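1. generate coordinates for the sequence data below:
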Amino acid sequence: MLNRLYGSIAKQRRRWYTWEGESQRRLQQPVISVGALAVGGSGKTPVAAYVATILNEIGERPSILSRGYGRERRLDGVVVVSDRQGVRSGLAEAGDEPMMLARALTGIRVLVSEDRYLAGRLAETKLEASVHVLDDGYQHFFLHRDVELLLLSERDVTDARTLPGGYLREPLETACYADALIMETADLDEAQHFANRFGVERAFHFMRVLKTPLDAETKEEVAIDMAAPVLAVAGIALPEIFFAGLGQEGYKVTETLTFPDHHSLTNRDISEIGRLANVHNVEYVVTTEKDLVRFLPHAPFDFRLAAIPLAVSIEPARLFRIWLGDRVQEVRESVR
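-> Numbering: from 1, shown residues only. Presented below is the predicted three-dimensional model:
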C-alpha cells in the first residue's frame, strides 16, 4: 500500500513539472543529466565522469554539478571543488563523490550546491563551462535538462517496487522520459529490448571494470600479489558489487568490512581496520576511490592501503560518443 502511494506521488510530481515547464530554471549552456530510478549503487557518478571525459575530449568545457550528498559541512552558495587548475576545496565541504571526481578528472570543473542552477551559472560565468553534466539528475525537476541519460539494471526491472519497501524512487514506467537508456548488461540487445518496452529512442549498455590499484601513499600503480591475502573495505551503496568484482579479478579476499554509504571514517574505524589487517596478515587493505578520500585525512596508516579505481565503459563506445556530441549540438541549434 505504501509503495503504491509513494509511486503515485512520484508520478504526479514528475507530471506537474512536465506540464509546468516554466517553473524550471534553464541554464544558458546544454545540461546532460545522468540519473537512475534506484536509490543507490547504480553507477551514476562513474558514468557522469565518463560522459564529462568524452565531452572534454571532443572540445567542450564540461562542468559536473553535484548536490554533494553526505557533506559534513554544508556551506551556503556554491563550492568549487575543482577547476581547470586542480582541486580547490576540502572533503568536508565537497563530499566524497565530488572529491573523488575532482581528484580523478583533470581539467574538468566540479561544483557542489543544493541549488544546481546557481552552480551552473557560476560555472558558465566564472569558469567558462560550455556544457553541464548533472550527476544524479533524473529527479532534479527544478532545473531544465536537455538530455536525459537513465541508468537501469536488471534488479530495477525484476524488483520494480518503489520506496519505502523497494529500491526505486519512481515507478519503472517513468523510464519513458529518458532520451537514452543505459543498461548495466553485457548484451546490447537486452538494453534495446527494454528501451523499446519503455518507448525510449536510444539504448546503450555499460559495464564496470576494476583498474590497476593505486597505492594510497605513493599514488602510483601497484601490483598486488594475487596469492597474497587482502582485506576489502567499502562504504558504498552496494559493497557486494565491489567485493564480487575483486573475486572475479582474482584477488584473494580473506575478510571484508563494510560501512554505510558516505560514512565518515573515525579513528576507531581506522584502528579496527588495522587490527583486522594484522589478524589476517594481509598484504594490502583495498578499497574504492570513493572510500579513499575518506581514508586520507587519517594518514599515515599502520597498514598498506590501495584504492582500486572503477572504470565504466558505455558501448558501443563510438556510437555513444557520436550520439552525445550530436545531441549537444542539436540543443545549441534549437535555442538560437
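
2. tell me the contacts of the nearest residue to residue 127 once chain neighbours are set aside?
-> Nearest residue to residue 127 in three dimensions, chain neighbours excluded: residue 109, at 4.9 Å (Cβ to Cβ, 6 or more residues apart in numbering). Every C-beta, even on glycine, is put in place using the N, C-alpha and C of the backbone. The contact partners of residue 109, taken as Cβ atoms under 8 Å, 6 or more residues apart in numbering, are 61, 62, 63, 64, 80, 82, 83, 84, 123, 127, 129.

3. show me this protein divided up by domain.
-> 2-208+313-334, 212-308 (automatic domain parsing).

4. residues in a beta bridge with the residue nearest to residue 127, which ones?
-> residue 63 (DSSP bridges).

5. element containing residue 10?
-> Assigned by DSSP states H and E, residue 10 falls within helix 2-19.

6. and that helix, how far out from the chain middle?
-> Here helix 2-19 shows a centroid-to-chain-centroid distance of 24 Å under the convention Cα atoms, centre = their mean, to the nearest Å.

7. alpha carbons only: can I get it in CSV?
-> C-alpha atoms of helix 2-19 as CSV (Å, rounded to 0.1, in the frame of the first residue of the first chain):
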residue,chain,number,x,y,z
LEU,A,2,2.7,2.5,1.0
ASN,A,3,4.7,1.5,-2.1
ARG,A,4,1.8,2.3,-4.4
LEU,A,5,1.1,5.6,-2.6
TYR,A,6,4.8,6.7,-2.9
GLY,A,7,4.9,5.7,-6.5
SER,A,8,1.7,7.6,-7.3
ILE,A,9,3.0,10.8,-5.6
ALA,A,10,6.3,10.4,-7.5
LYS,A,11,4.5,10.2,-10.8
GLN,A,12,2.3,13.2,-10.1
ARG,A,13,5.3,15.2,-9.1
ARG,A,14,7.0,14.5,-12.4
ARG,A,15,3.9,15.2,-14.4
TRP,A,16,3.4,18.5,-12.7
TYR,A,17,6.9,19.7,-13.6
THR,A,18,6.4,18.3,-17.1
TRP,A,19,3.2,20.3,-17.6
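
8. leaving out chain neighbours, which residue sits closest to residue 13?
-> In space, residue 13 comes closest to residue 141 once its chain neighbours are excluded; the distance is 7.1 Å by Cβ to Cβ, 6+ apart.

9. picking up where we left off before, mean pLDDT lowest where, among the domains of the chain?
-> When those are ranked by mean pLDDT, domain 2-208+313-334 comes last with a mean of 93.

10. for this structure, list the residue farthest from the centre, please.
-> The C-alpha centroid of the chain is most remote from residue 279, which lies 33.7 Å away (Cα atoms, centre = their mean).

11. so how far is residue 111 from that residue?
-> 42 Å (Cβ to Cβ, to the nearest Å).

12. now stretch 152-159: buried residues?
-> Neighbour-count burial for stretch 152-159 flags 152, 153, 156 (criterion: 16 or more other Cβ atoms under 10 Å).

13. ok, these vs residue 228, which is closest?
-> Distance to residue 228 across the buried residues of stretch 152-159 (Cβ to Cβ) is lowest for residue 153, with 32.5 Å.

14. leaving out sequence neighbours, find the closest residue to that closest one.
-> Residue 153's closest residue in space is residue 184 (Cβ to Cβ, 6+ apart), at 4.6 Å.

15. how about the contacts made by the spatially most central residue of the chain?
-> Centroid-nearest residue in the chain: residue 45, 1.1 Å away (criterion: Cα atoms, centre = their mean). Taking Cβ under 8 Å, 6+ apart, we find residue 45 in contact with 97, 100, 101, 135, 136, 290.

16. do you have the strands of the stretch 151-300 of the chain handy? List them.
-> 180-184, 202-210, 214-215, 229-234, 252-258, 284-287 (DSSP state E, counting those that start in this stretch).
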